[in-house]
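S.K.: Build me a model from this:
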Amino acid sequence: MRKRLIDGKPLFGNEFKYLLVLGALAWMSYSLPQVAAAMQTASSYDPGSSSALVTSSLSYPSPTPTPCVTASPSISLASAPTIAKMTTIYDQFGNSTTTYQATFYVSVSAVGGSVTMGLPMSPHPAWSYGASSFGVYKNGVLSPMSVQAVAYSQPASTTLSADGYYFTIPQGRTIVIPVTATFLVRNAAPNAFAVQMQGVQWTVNPSYASTLDYFMANNTAWRTPAI
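M.R.: Purely as a prediction, here's the structure:
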């Protein structure tokens with residue numbers, strides 16, 4: 001087989017092979033990082049934030065999605081809270097038992113999405129008879145007493161859950177919830193009593209953890225007059 005010559009040298013001599021190797025290395029140094037970057041971009045999700053962490057979709061195990069909670073209630077008083085002595089009974093020894101009932105008209109607006117609140121018999125009621133919901137003041141001082149009963153019902157313009165334990169306030173809707181807290185005092189006179197609303201629980205979905213709003217705690221605007 002005859003060799004092809006250029007200027008008396010083989011066409012595919014050592015010099016030509018050396019040039020081919022240099023060309024191949026130059027192509028690899030330029031192209032492979034470009035290909036790798038393209039592959040990474042194709043297998044990743046970027047939510048659009050320059051500071052966001054880009055996670056490869058090929059990672060294992062895949063991360064568990066977390067719901068993005070943007071909804072919340074705007075809570076205020078629709079009117080000043082009130083308190084009344086409902087009944088007083090006496091036993092055969094002259095001891096008295098007086099029933100007090102405090103009433104709060106709470107305005108709730110659903111902002112940024114629907115807001116769900118539990119009814120009194122639900123696993124997570126908006127208000128309960130615990131200290132996180134109400135405090136009883138005796139002669140102007142928070143006492144160890146607690147309310148014995150809390151009552152409120154599903155407001156109009158809300159949706160009741162299938163199990164009957166929760167109601168949902170649609171986004172942008174404002175409702176007013178009358179809430180009563182009742183407690184008993186034995187031989188009340190001459191003391192004066194008042195009730196403070198301390199907190200309220202809500203959620204965006206009964207399947208998620210409830211949030212306790214405690215901003216009204218010790219705020220006298222959320223306390224009844226003393227009687």
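S.K.: for stretch 126-138, which positions count as buried?
M.R.: 126-129, 133-138 (16 or more other Cβ atoms under 10 Å). No exception for glycine: its C-beta is placed from N, CA and C like everyone else's.
S.K.: How about the secondary structure of Val147?
M.R.: For Val147, the assignment made with DSSP: H, G, I helix; E, B strand; the rest coil gives coil.
S.K.: And what about Ala221, helix, strand or coil?
M.R.: Following three-state DSSP, we place Ala221 in the helix state.
S.K.: and Phe183, how many neighbours?
M.R.: Using other Cβ atoms under 10 Å, Phe183 is surrounded by 19 other residues.
S.K.: ok, it touching Val150?
M.R.: No - assessed by Cβ atoms under 8 Å, Phe183 is found out of contact with Val150, at 10.1 Å.
S.K.: which one among the buried residues of stretch 126-138 gets closest to Val200?
M.R.: Checking those against Val200 with Cβ to Cβ, the nearest one is Ala126 at 5.4 Å.
S.K.: Pull the contacting residues for the closest one.
M.R.: 117-119, 152, 177, 200-202 (Cβ atoms under 8 Å, 6 or more residues apart in numbering).
S.K.: Same check on Thr180?
M.R.: Thr180 neighbours (Cβ under 8 Å, 6+ apart): 101-104, 149-152.
S.K.: Give the next helix or strand downstream of the helix or strand of the chain with the lowest mean pLDDT.
M.R.: Lowest by mean pLDDT, DSSP states H and E among the helices and strands of the chain is strand 55-56, with a mean of 33. Later in the chain than strand 55-56, the nearest helix or strand by DSSP states H and E is strand 72-77.
S.K.: which residues sit against the following helix or strand past that following strand?
M.R.: Per DSSP H and E, the first helix or strand lying C-terminal to strand 72-77 is strand 82-90. With contacts defined as Cβ under 8 Å, 6+ apart, strand 82-90 is touched by 96-103, 182, 188, 193-195, 224-227.
S.K.: I only care about those that end up buried; give me the PyMOL line for that.
M.R.: Isolation of the buried members of those (16+ other Cβ under 10 Å) is achieved in PyMOL through the command below:
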select buried, resi 98+99+100+101+102+103+182+188+193+194+195+224
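S.K.: The contacts of strand 82-90 in strands, which ones?
M.R.: Per DSSP state E, strands hold the following members of these: 96-103, 182, 193-195.
S.K.: As JSON lines, those residues with distance to Lys85 and pLDDT would be great.
M.R.: Shown next, in JSON lines, are the ones in strands among the contacts of strand 82-90 (distance: Cβ to Cβ, whole Å; pLDDT from 0 to 100):
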{"residue": "Ser96", "distance to Lys85": "11", "pLDDT": "97"}
{"residue": "Thr97", "distance to Lys85": "11", "pLDDT": "97"}
{"residue": "Thr98", "distance to Lys85": "6", "pLDDT": "98"}
{"residue": "Thr99", "distance to Lys85": "7", "pLDDT": "98"}
{"residue": "Tyr100", "distance to Lys85": "6", "pLDDT": "98"}
{"residue": "Gln101", "distance to Lys85": "8", "pLDDT": "98"}
{"residue": "Ala102", "distance to Lys85": "11", "pLDDT": "98"}
{"residue": "Thr103", "distance to Lys85": "13", "pLDDT": "98"}
{"residue": "Thr182", "distance to Lys85": "11", "pLDDT": "98"}
{"residue": "Phe193", "distance to Lys85": "9", "pLDDT": "98"}
{"residue": "Ala194", "distance to Lys85": "12", "pLDDT": "98"}
{"residue": "Val195", "distance to Lys85": "13", "pLDDT": "98"}
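S.K.: Kind regards, and thank you for your time.
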